[in-house]
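Undergrad: Provided below for reference: sequence and predicted model.
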Amino acid sequence: MTELVRDLHPMVEAALKSCGIVYEVFVCDPDFADTALFCQQYGFLPEQSANAIIAATKVEPIKFACCIVLANTKLDVNRKVSKLLGAKKVSFASAEQTMQLTGMQIGGVTPFGLPQLPIYIDAKVMASSHKVVLGGGNRVSKVVLQAQELLKLANVEVIDDLAISK
């Protein structure tokens, strides 16, 4: 049996370092990488777990964006993201589209190391008094950091009401 990689995706680690982002790595079991299970298994609160969600327009040429929202909220894809991307129809990118665009599996998607695309962060993430947990680019690691560190990324915009309460 081969040993599981217990570190960040190399592309993610390189992006974090090149941006000068201060972070910690949290290793997790891949069976608990999805947000609800992760929080339950490791004792993190949903309001400190941030999901990086790739949104995609429905009409060609397809435009993508990475949206970061807290786990206790829901991305407002129909109104807010549609308006931001200038499209009538927007949805979550499929697992296949996400993998093709980012090289990352669902459960590990992160804003670090992405190709050139807009990164929209819900203002509630930035207002968090907790350190925030994000994917590590794979299903075996997470990145833990102060939300303000996200502002060191290129193409970042903080958006009021990007997410709505669940």
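TA: Now that the structure is in, tell me what you want to look at. Numbers count the residues shown, from 1 in each chain.
Undergrad: If we ignore the residues flanking it in sequence, what's nearest the residue nearest the centre of the chain?
TA: Nearest to the mean C-alpha position of the chain, by CA atoms, centre = their mean, lies residue 52 at 1.7 Å. With CB to CB, 6 or more residues apart in numbering as the criterion, residue 52 has its nearest non-adjacent residue at 4.7 Å, and that residue is residue 109. Where you see a C-beta, it was placed from the backbone N, CA and C, and this is true even at glycine.
Undergrad: now swap in residue 126 and tell me
TA: Closest to residue 126 by CB to CB, 6+ apart is residue 147, at 5.0 Å.
Undergrad: if I look at residue 160, how far off is residue 84?
TA: Distance of residue 160 to residue 84, given as CB to CB, to the nearest Å: 12 Å.
Undergrad: Verify the contact between the residue nearest to residue 126 and residue 129 for me.
TA: No: if you go by CB atoms under 8 Å, residue 147 and residue 129 don't touch, sitting 9.3 Å apart.
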